[in-house]
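# no FASTA, just this:
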């Protein structure tokens, strides 16, 4: 079957053939209006090549549903994109975040990520608050964002669909951090790009942790799907990896009652300073390449959720090791932001949909000197 948009078509020629370029590509503003999702604002970016991604404004500007030419690649947990007003940050021993975990990208931060606990807060100089308690992966997921701009930037040939927003995490006598996020896809293209800046608007020295919980689902995750990564060594693995004996690659079929497995892999960055991994389907007809800046997110976790009904794989760039905040404090590895200081992050998710793209990605990753 002919795929019309495998080769970009000049915009002037497209205008001759349609009265509205949104027939080809565009951004649609929506509001989810049923069940636990009711009231969540979202933006759907849809390009000419068949890439579609949903930006959840009211869920920390994270990424929800994602499809390539009709095939889903973002993982769905069954939780739905719950309205943040339903979130109970301190419930279930700090694990209530699991009730909000859904979609392609769920970001951990801004002052805490990884498992929770109680931590020193004396740096905020508020005597009644000597400690602060964090749940799993922090508070960002349940904070509504502020939409700053929507751009459908058509060029002579192609162009870019771009949205920008900000999320403020703040409390009196505590942190006052801002995430500014840009999400973009090319009008003709197969890649989602996320550009993030976190800065400290407050005047107190504030801890900062950041994690991308990037979640992939079936049919990209399937029995025999292979994780390709320049792994120098494995720094950590959950006890379940020994007890269940399931390797980090290839992926098994769904398993009833599977206990999540988490691996921390030490990766070797490429010559461009980026970390890069890929997931390749067993038939080698489709894959996904993920890349990010190794300088600001030097650590990487693989989250295997091979449980039947929850089947998915998490690829998780992180600013910190899996041991979490207390370990980072004890070792001096925790990032502290002074007033006006910032950290920049970027993430790219590319669909590999041709034999050349798959071969090129695999060769590029496996040829990185360890």
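Here it is on my side, so go on. Keep in mind that what you see is a predicted model, and the values were worked out from it rather than measured. Numbering: from 1, shown residues only.
# shouldn't residue 279 be within a strand?
Yes - when the secondary structure is assigned by DSSP: H, G, I helix; E, B strand; the rest coil, residue 279 falls within a strand.
# name whatever forms a beta bridge with it.
In this structure, residue 279 bridges to residue 227, residue 288 when assessed by DSSP bridges.
# neighbours of it, how many?
A count of nearby residues for residue 279, using other Cβ atoms under 10 Å, gives 24. Where you see a C-beta, it was placed from the backbone N, CA and C, and this is true even at glycine.
# again, but for residue 74
Should you count by other Cβ under 10 Å, residue 74 turns out to have 25 residues around it.
# could you measure from it over to residue 296?
Taken as Cβ to Cβ, to the nearest Å, the spacing of residue 74 relative to residue 296 amounts to 24 Å.
# then residue 180?
Residue 180 is 15 Å from residue 296, by Cβ to Cβ.
# one more: residue 215?
When Cβ to Cβ is the yardstick, residue 215 and residue 296 sit 21 Å from each other.
# ok, those two, which is more surrounded?
Here residue 215 and residue 296 are set side by side on neighbour count (other Cβ under 10 Å), and the busier one is residue 215, at 26 against 16.
# phi, psi for that one please.
When read as degrees, to the nearest 10, the backbone of residue 215 gives phi -120, psi 120.
# what's the answer for residue 347, then?
Torsion angles at residue 347 (phi, psi; degrees, to the nearest 10) stand at phi -140, psi 140.
# what about it, distance to residue 68?
With the distance defined as Cβ to Cβ, residue 347 ends up 17 Å from residue 68.
# and what of residue 215?
Between residue 215 and residue 68 the distance is 15 Å, computed by Cβ to Cβ.
# could you check the longest helix anywhere in the chain and say which residues are buried?
In the chain, taking DSSP state H as the definition, the longest helix is helix 355-366. Buried residues in helix 355-366, defined by neighbour count with 16 or more other Cβ atoms under 10 Å: 357-358, 361-362, 365.
# show me which of the residues you listed is closest to residue 155.
Ranked by distance to residue 155 (Cβ to Cβ), the buried residues of helix 355-366 are led by residue 357 at 23.0 Å.
# mind checking pLDDT for that closest one?
Each residue has a pLDDT score; the one for residue 357 is 98.
# for residue 4, see how far away it is.
According to Cβ to Cβ, residue 357 and residue 4 sit 19 Å apart.
# try residue 236
Following Cβ to Cβ, the distance that separates residue 236 from residue 4 is 47 Å.
# please, where are all the strands along the stretch 1-150 of the chain?
26-31, 41-46, 51-56, 62-68, 71-72, 105-108, 117-120, 131-134, 146-154 (DSSP state E, counting those that start in this stretch).
# parallel or antiparallel, list what pairs with the longest one.
Listed by DSSP bridges, the sheet partners of strand 146-154 and their directions read strand 159-170 (antiparallel).
# may I see the buried residues of the following helix or strand past the partner strand?
Moving toward the C-terminus from strand 159-170, the first helix or strand encountered (DSSP states H and E) is strand 176-186. Judged by neighbour count (16+ other Cβ under 10 Å), strand 176-186 contains these buried residues: 176-186.
# kindly report the same for stretch 9-29.
Counting neighbours by 16+ other Cβ under 10 Å, stretch 9-29 gives 11, 14, 21, 24-27 as buried.
# endpoints of it, how far apart?
Its first and final residues considered, stretch 9-29 spans 26 Å by Cα to Cα, to the nearest Å.
# mind checking how far it is from the chain centre?
For stretch 9-29, the distance from its own C-alpha centre to the chain's C-alpha centre is 29 Å (Cα atoms, centre = their mean, to the nearest Å).
# now do stretch 45-63
Computed by Cα atoms, centre = their mean, the separation of stretch 45-63 from the middle of its chain amounts to 12 Å.
# compute the first-to-last residue distance for it.
Stretch 45-63 has its terminal residues 11 Å apart, counting by Cα to Cα.
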